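S.K.: quick one, what's the 3D model for this:
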Amino acid sequence: MLHRGDCHCGNVRFEFDSEPDVHVHRCNCSICDRVGYLHLIIPRSAFNLITSWDELTTYTFNTGVAEHYFCKTCGVKPFYLPRSNPDGYSVNFRCVDSATFAEVVVKDFDGQNWEENAGALAHLSQDSSGSGLGPGSSG
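M.R.: The predicted structure is shown next:
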């Protein structure tokens, strides 16, 4: 099913394929906790940026592997390339049209202890019908 999202000002718009029933993760790491990010991790192949990459700026920290994308105009972070899932994107569920989803389950994720817990997310970006996006997934 196709879903759509955008930043606050609308200069960054995207679409992605996902099941209508999803688990999103509320992380307590230093950056996610501060901005209230809700992660919906999807395969990279399921994501399509509709607007130009030129509308985004990138922020990295710590290991520099994760690429956090922010709208250059409004500063909202609609998605990013997570270190735990370099083959996918983490879409900020707060930036998507939630009306296209049926069931949304919010699960807590202990990002303050990221090294010990990140492996539980790796399967979410696998490009297959068993991608872990449905309600029966673990993560």
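S.K.: go through the helix ranked longest in the chain and flag the buried ones.
M.R.: Using DSSP state H, we find that the single longest helix of the chain is helix 30-35. Applying a neighbour-count criterion of 16 or more other CB atoms under 10 Å, one finds 31-32 buried in helix 30-35. From N, CA and C alone the C-beta is placed, and that goes for glycine too.
S.K.: next one: Cys27 from Ala122, what distance?
M.R.: Per CB to CB, to the nearest Å, Cys27 is found 15 Å from Ala122.
S.K.: looking at the two, which one has more neighbours?
M.R.: The neighbour count for Cys27 versus Ala122, taken as other CB atoms under 10 Å, is higher for Cys27 (22 against 16).
S.K.: got the phi and psi for that one?
M.R.: Main-chain torsions, Cys27, degrees, to the nearest 10: phi -100, psi 150.
S.K.: close enough to count as contact, it and Arg34?
M.R.: No. Using CB atoms under 8 Å, Cys27 makes no contact with Arg34, being 10.7 Å away.
S.K.: dump the residue contacts of the residue nearest the centre of the chain.
M.R.: Nearest residue to the geometric centre of the chain (CA atoms, centre = their mean): Ser90, 1.9 Å. With contact set as CB atoms under 8 Å, 6 or more residues apart in numbering, Ser90 has these partners: 37, 39-42, 79-82.
S.K.: 7 Å - rerun?
M.R.: Counting by CB atoms under 7 Å, 6 or more residues apart in numbering, Ser90 touches 39-41, 79-80, 82.
S.K.: ok, now Ala66?
M.R.: Listed by CB under 7 Å, 6+ apart, the contact set of Ala66 reads 60, 80-83.
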